[in-house]
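Visitor: next input, structure requested:
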Amino acid sequence: MKLSKRIRVFVWFVEDLTKRYSRSLVFGFIVGLLVTIIAGRFLPVVMLPLTKKVERIGIIGEFTPSDLPLAIQRDISMGLTTLASNGTPEPGIATSWTQEEGGKSFVFTLATMTWHTGNRVQANDINYNITGVLWDSIDEQTIKATLPEPYSPFPALVSKPLLQAGLTGVGPYKVDRMKLKEGRIDTLRLSPAQNTNLPIKEYFFYRTESLATLAYKRGSIDRVEDISSPESFENWKQTTVRAKVKYDRIVGLFFNMRSSVFQNRTLRQALAYGTPIFSDEERAHSPIQKTSWAYNDKTKHYEYNEEQAKKLAKSIPLPENRASITIATFPQYIHQANTIAQSWTAIGIPTNVQVVNSLTDDFDVLLTAQDLPPDPDQYPFWHSKSPNNITGYTNLKVDKLLEDGRIETDQEKRKKLYADFQKVIAEDIPAIFLYHPKTYTIIRTSMLTQ
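Guide: Predicted coordinates:
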């Protein structure tokens, strides 16, 4: 059959079908069109997976699975309690708790929640390993902690996030992947534990700030947490720098109260008045966090006063066998130490600076940072019998206030005890509290717009 004849036959066939089934064809066309429109509108949402935002974050420091930074732990899980911004314990895995035996035991009632594995959280899962504390499961949802002696900060102590094997928790994130290198975490990937809009977080760990900075500039990460100085990023394009004041850390000058030279309070006062103010930092006047419910700002403040400092220094010169005093400090505080030494020398107390790499009892004045606990309990740092009392400071009134603060269960009464403690410390000056340091987060600006 010739081609032209075949074409005519095909056309006649189509015309015949159209005449016979015109209604069906029109209906089918309309149905197909509607299905296409509906599929185009809804199927991408229902059937196609959404691409989640991934945050690549650099962390400075070496960590094992058992000592992850607290911020990461809190993403994965929570403790029996959580802490409000002022340090007050609030419900966490436990919905409530009661004190018994004058603060020697605590009974926690657990919330109904599940681990990332899907298993229900039960009393037997509570795995805190706190020296001297005995844990007793009363039933599946109730657990009792018995302490060797009353300790009112205990509810704050158990705010530490609880983790099961494999870093399994109850928090908004679960561990997807973890790579170890010589027992240390090299990379860690967290994904939302539930189907939420939270981004995926990929953590990369670097031993030093310089390595983390290099990784950022190469594009390996888009964020660096808690660096001490943002100078290397000042002129870096498409980069945002955010400062954060660390109220849980304080930089200060700690006197060696074991030395006869520094047992004279007038000398310590002269040095306090002669200490310059670091205007770029937030001043500190107390060893208790500024954000704490127990913070007391109504204490003696030592503002820089060169005239008063010279007057006091002249009235109590250094002993004849001491030509000068020395500020011992670590490399990161060498600039501050030199600035203070120059100021003290100018008021008549010759001062040198010594850089050290480890802490010893053999110092005159130590310039360093001290981490502050969320609870106002200061017993470890200032009680005369505490091995962590680096100054060797002894004051019977302070000892009693700290002892009472540990066993008092009423928060208002505890607040009064710590207010008195802060007043005595400010008057006695075993240390000059300088400032709360800042840390900086470096963020690629494009990540802020996603």
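
Visitor: quick one: name whatever helix or strand follows the helix or strand hosting residue 403.
Guide: Taking DSSP states H and E as the criterion, residue 403 maps to helix 396-407. Sequence-wise, the next helix or strand downstream of helix 396-407 (DSSP H and E) is helix 411-428.

Visitor: pairing partners for the helix or strand following that next one, with directions?
Guide: Following helix 411-428 in sequence order, the next helix or strand is strand 431-436 (DSSP H and E). Strand pairing for strand 431-436, using DSSP bridges, gives strand 249-255 (antiparallel), strand 282-283 (antiparallel).

Visitor: pLDDT (mean, whole number) over the last one?
Guide: What that stands for is strand 282-283. When pLDDT is averaged along strand 282-283, the result is 94.

Visitor: same check, this time on the longest one
Guide: Taken as a whole, strand 249-255 has a mean pLDDT of 97.

Visitor: how far off centre is it?
Guide: 19 Å (C-alpha atoms, centre = their mean, to the nearest Å).

Visitor: try the shortest one
Guide: For strand 282-283, the distance from its own C-alpha centre to the chain's C-alpha centre is 19 Å (C-alpha atoms, centre = their mean).

Visitor: kindly report the same for stretch 298-309.
Guide: 32 Å.

Visitor: and for stretch 411-429?
Guide: Distance, centroid of stretch 411-429 to centroid of chain: 25 Å (C-alpha atoms, centre = their mean).

Visitor: mind jotting down where the helices sit in the chain?
Guide: Using DSSP state H, the helices of the chain run over 3-47, 70-76, 154-157, 209-218, 265-273, 306-315, 334-346, 379-382, 396-407, 411-428, 445-448.

Visitor: follow-up on the earlier one: who are the packing partners of the helix holding residue 403?
Guide: Applying 3 or more C-beta pairs under 8 Å, 6 or more residues apart in numbering; DSSP states H and E, we find helix 396-407 packed against helix 379-382, helix 411-428. C-beta here means a position set from N, CA and C on the backbone, and glycine is covered the same way.

Visitor: if you average pLDDT over it, what comes out?
Guide: 97.

Visitor: before we move on, back to that, mean neighbour count, the strands paired with strand 431-436: which tops it?
Guide: strand 249-255 (a mean of 21; mean count of other C-beta atoms under 10 Å).

Visitor: got the contact list for residue 96?
Guide: Taking C-beta atoms under 8 Å, 6 or more residues apart in numbering as the contact definition, residue 96 lies against 108-109.

Visitor: specify the beta-bridge partners of it.
Guide: Counting by DSSP bridges, the residues bridging with residue 96 are residue 109.

Visitor: from the chain's centroid, how far away is stretch 69-88?
Guide: Per C-alpha atoms, centre = their mean, the centroid offset for stretch 69-88 relative to its chain is 9 Å.

Visitor: buried ones in that stretch?
Guide: Within stretch 69-88, the residues that count as buried by 16 or more other C-beta atoms under 10 Å are 69, 72-83, 87-88.

Visitor: before we move on, the earlier item: export the helices and strands packed on helix 396-407 as CSV, with columns for mean pLDDT and distance to residue 209.
Guide: CSV is the format used below for the helices and strands packed on helix 396-407 (pLDDT from 0 to 100; distance: least, C-beta to C-beta, whole Å):
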stretch, mean pLDDT, distance to residue 209
helix 379-382, 96, 28
helix 411-428, 97, 33
